[in-house]
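Q: Give me the fold of what follows.
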Amino acid sequence: MLAYLFRRLLFFIPTVWVVSLIAFGLSNRVAGDRVSLVIGDEILSSNEKPEEYASWLEEYRRIATQYQMDKPKFYFSILPANYPDTLYRVLPIERQKHLKSLLDEYGDWALVNRYVEQVEAMHNTLVTLQDRPANYTAMNNLVNQLGRTKRKNEIKRLLDSLQAEQSQYPTSLLAVNELAQLFEQMASSRRTGLLIPKFLWHGTANQYHYWLSGLLRGDLGQSIVDKKDVGRKIMDALPKTLLLNFAALIVSLFFGFLLGVYLAIHSESWFSKLLLSKIYAVLAIPSFWLASLLVIFFTTSDYGAWTNIFPSGGYGTISDGASFFRKVSIRLSHLALPVLSISLPLIGVIALQLRRSLIVEMKKTYIKIATLKGISRRRIIWGHGVRNAVFPILTMFGSLLPGMIGGSVAIELIFNIPGMGLLLLHSIYSQDWSVVFGVLMLTVILTIISLLLMDIMYVKMNPKIRLKLEKNA
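A: Numbering: from 1, shown residues only. As a prediction, the model looks like this:
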């Protein structure tokens, strides 16, 4: 048994590693700039104060170094031959992206780099002018557009407009003609380097290695919203989500088993058929809509004072020194409706699955033999029939808990329960990706634990599997 569990754990290691690769890849593909989210990018819209931009850029580089953004993303990279080996060091990220887009369009790194530097120098010259001509705003807008576009026709149009507007400026001050000549060289350069790949080995000094090392140490980084430790934020929210979902799971299993056995034993009765129709109706109702209906009918006095039974939301505030029963009553009053919203559909799913399996089991030969031996009907149903009919539900159990955690996002939002679902939703809205991918990795771990528990229950409940494991051992 221990050898079997050890093999299963070894199998889960590459699974977690693959998921970590996916999570890291997604974190680098999301829109937005993490550093700009931390320090803000309002200064970028200010063209009048270059000294403030310089200060902003220094702070940007400091934060980027703290987040390891000045290092390559992975242990190795495969790039076109015309790319420089250290393009990842170019900051801010928007400048790096612009350089990449120009490289992909024109191919020559030396010319592209000179072109971008000259455009930036032209912009810096403009914003530091003391005596500004009447067309200053138009010139500044043209240079700004030139620093963002990569399309050949658009760049030509902007350069022509700059040359037409340059008459009010000294030629030595704004070298528009030289920039136009440089662009012509860049536009006529060959792009063959894009077709030739090159392999670069970066070693362990890369973003993924630092991220994975931190993950293994339990260090998930800092939240960009409130600068709190991501692991602490998740651990604060996790107990609330687990309590909600475990309570819903226990309620679902208890009533689902009772209902499933009743439907199987009395499958031909009119009441059983009526219950089946009601179960299908409940399964057709989305959980978030059911939760909304429960809030409307049982947390307000709009439909009578007797309907205002439960709190409208929250997790409940427990004062210091409250008794155990007081704590339980507060939690029950706040979690009753959320648990009902999650468990009602699950009760139907479990009942239908158990009903189908138990009807098949009750027709098998060993049930008939047990009946002929005079074994009581209750013992036959629960000791033999249900025991063997439960295996399809065990198969479903492996994905049940992670699915409930993912499905409780809407429930936690409706009832304002500060659990992992609400934390995940708020983190997505605020682009706090460190928290988002921390929750993702924790969900993967919970999924693995659920699958492992399912395997253990299979072995414990099925003598054939246990005997096979003992033989293999």
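Q: For stretch 215-225, measure first residue to last.
A: This stretch, stretch 215-225, spans 20 Å end to end (Cα to Cα, to the nearest Å).
Q: Buried residues, it. List them.
A: By 16 or more other Cβ atoms under 10 Å, the buried positions in stretch 215-225 come out as 215, 220, 221, 222, 223, 224, 225. C-betas here are computed from N, CA, C, even on glycine.
Q: Helices - which of these land there?
A: Among these, the members found in helices (DSSP state H) are residue 215.
Q: Report the separation between residue 13 and residue 214.
A: Look at residue 13 and residue 214: by Cβ to Cβ, to the nearest Å, they are 18 Å apart.
Q: The stretch 151-300 of the chain: strands as residue ranges?
A: 197-201 (DSSP state E, counting those that start in this stretch).
Q: Where does pLDDT dip in it?
A: Flagging of the stretch 151-300 of the chain using pLDDT under 70 yields the residue ranges 171-173.
Q: How far off centre is the strand or helix carrying residue 353?
A: Taking DSSP states H and E as the criterion, residue 353 maps to helix 324-361. From the chain centre to the centre of helix 324-361 is a distance of 27 Å (Cα atoms, centre = their mean, to the nearest Å).
Q: and that helix, what other elements does it pack with?
A: Contacts defined by 3 or more Cβ pairs under 8 Å, 6 or more residues apart in numbering; DSSP states H and E place helix 324-361 against helix 230-265, helix 270-283, helix 287-298, helix 386-389, helix 391-415.
Q: So which of these is nearest residue 315?
A: In terms of Cβ to Cβ, the element of these nearest to residue 315 is helix 230-265, at 5.9 Å.
Q: what's the distance between that closest one and the middle of its chain?
A: When distances are taken as Cα atoms, centre = their mean, helix 230-265 is centred 22 Å away from the chain's centroid.
Q: what's the angle between that helix and helix 324-361?
A: If you take axes from the mean of the first three to the mean of the last three Cα atoms, to 10 degrees, helix 230-265 sits at 50 degrees to helix 324-361.
Q: more neighbours, residue 13 and residue 214?
A: Of the pair residue 13 and residue 214, residue 214 is the one with more neighbours under other Cβ atoms under 10 Å, namely 15 against 10.
Q: Tally up the residues packed near the nearest residue to residue 294 once chain neighbours are set aside, please.
A: Nearest-residue entry for residue 294: residue 337, 4.7 Å, with adjacent residues in sequence omitted and distances by Cβ to Cβ, 6 or more residues apart in numbering. When neighbours are defined as other Cβ under 10 Å, residue 337 has 24 of them.
Q: picking up where we left off before, return the member of the buried residues of stretch 215-225 nearest to residue 347.
A: residue 220 (35.4 Å).
Q: out of everything not next to it in sequence, what's closest to the closest one?
A: Residue 220's closest residue in space is residue 230 (Cβ to Cβ, 6+ apart), at 3.8 Å.
Q: Please name the residues that touch the one you found.
A: 220, 221, 222, 223, 434, 435, 438 (Cβ atoms under 8 Å, 6 or more residues apart in numbering).
Q: For those residues, give me CSV that also has distance to residue 354.
A: Shown next, in CSV, are the contacts of residue 230 (distance: Cβ to Cβ, whole Å):
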residue, distance to residue 354
220, 40
221, 44
222, 47
223, 43
434, 42
435, 38
438, 36
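Q: Enumerate every residue touching residue 202.
A: 71, 72, 74, 75, 76, 77.
Q: Next one: residue 9 relative to residue 3, how far apart?
A: In terms of Cβ to Cβ, residue 9 sits 11 Å off from residue 3.
Q: Verify the stated contact: residue 61 with residue 91.
A: Yes - Residue 61 is within contact range of residue 91, at 5.5 Å (criterion: Cβ atoms under 8 Å).
Q: Now do the domain split for this protein, please.
A: Annotated domains of the chain cover 34-216, 230-472 [automatic domain parsing].
Q: Can you check which of the ones you listed gets nearest to residue 23?
A: Of the domains of the chain, nearest to residue 23 by Cβ to Cβ is domain 230-472, at 4.6 Å.
Q: Go ahead and measure how far the closest one is from the middle of the chain.
A: 23 Å.
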